[in-house]
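Trainee: sequence unknown, structure follows:
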């Protein structure tokens, strides 16, 4: 409504990485932090609100 570009991202698209424990997986925090930060920074640099 404000005329700002925005997108929705799934966990995978934003960069969340988990271990292989199907049904009870936990995020791999070091990798996830790095990937999420890169994804979010890229969107902000394009003036897109994730």
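Mentor: It's in. What you see is a predicted model, and the numbers here were worked out from it, not measured in a lab. Numbers count the residues shown, from 1 in each chain.

Trainee: In contact with the residue most central in space within the chain, which residues?
Mentor: The centre of the chain sits closest to residue 14, judged by CA atoms, centre = their mean, with a distance of 1.9 Å. The contact partners of residue 14, taken as CB atoms under 8 Å, 6 or more residues apart in numbering, are 35-36, 39-40, 50. Every residue, glycine included, has its C-beta placed from N, CA and C.

Trainee: Write the PyMOL selection for whichever of these are buried.
Mentor: Filtering the contacts of residue 14 down to the buried ones (16 or more other CB atoms under 10 Å) takes a single PyMOL command:
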select buried, resi 35+36+39+50
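
Trainee: nearest to residue 9, of the contacts of residue 14?
Mentor: Distance to residue 9, by CB to CB, is smallest for residue 50 among the contacts of residue 14, at 5.6 Å.

Trainee: how many neighbours does residue 49 have?
Mentor: Neighbourhood size, residue 49 [other CB atoms under 10 Å]: 11.

Trainee: How about residue 43?
Mentor: Quick note: residue 43 (other CB under 10 Å) scores 17 neighbours.

Trainee: Just to check, it is in contact with residue 49?
Mentor: Yes - under the contact definition of CB atoms under 8 Å, residue 43 touches residue 49, with a separation of 7.3 Å.

Trainee: any idea how far residue 8 is from residue 50?
Mentor: For residue 8, the distance to residue 50 equals 8 Å [CB to CB, to the nearest Å].

Trainee: list the contacts for the residue lying closest to residue 27 once chain neighbours are set aside?
Mentor: Excluding the flanking residues, the one nearest residue 27 by CB to CB, 6 or more residues apart in numbering is residue 18, at 5.3 Å. Residue 18 is in contact with 25-28, counting by CB under 8 Å, 6+ apart.

Trainee: Buried residues in the longest helix along the chain, which are they?
Mentor: Among the segments of the chain that qualify as a helix by DSSP state H, the longest is helix 29-45. Across helix 29-45, burial judged by 16+ other CB under 10 Å covers 32, 35-36, 39, 43.
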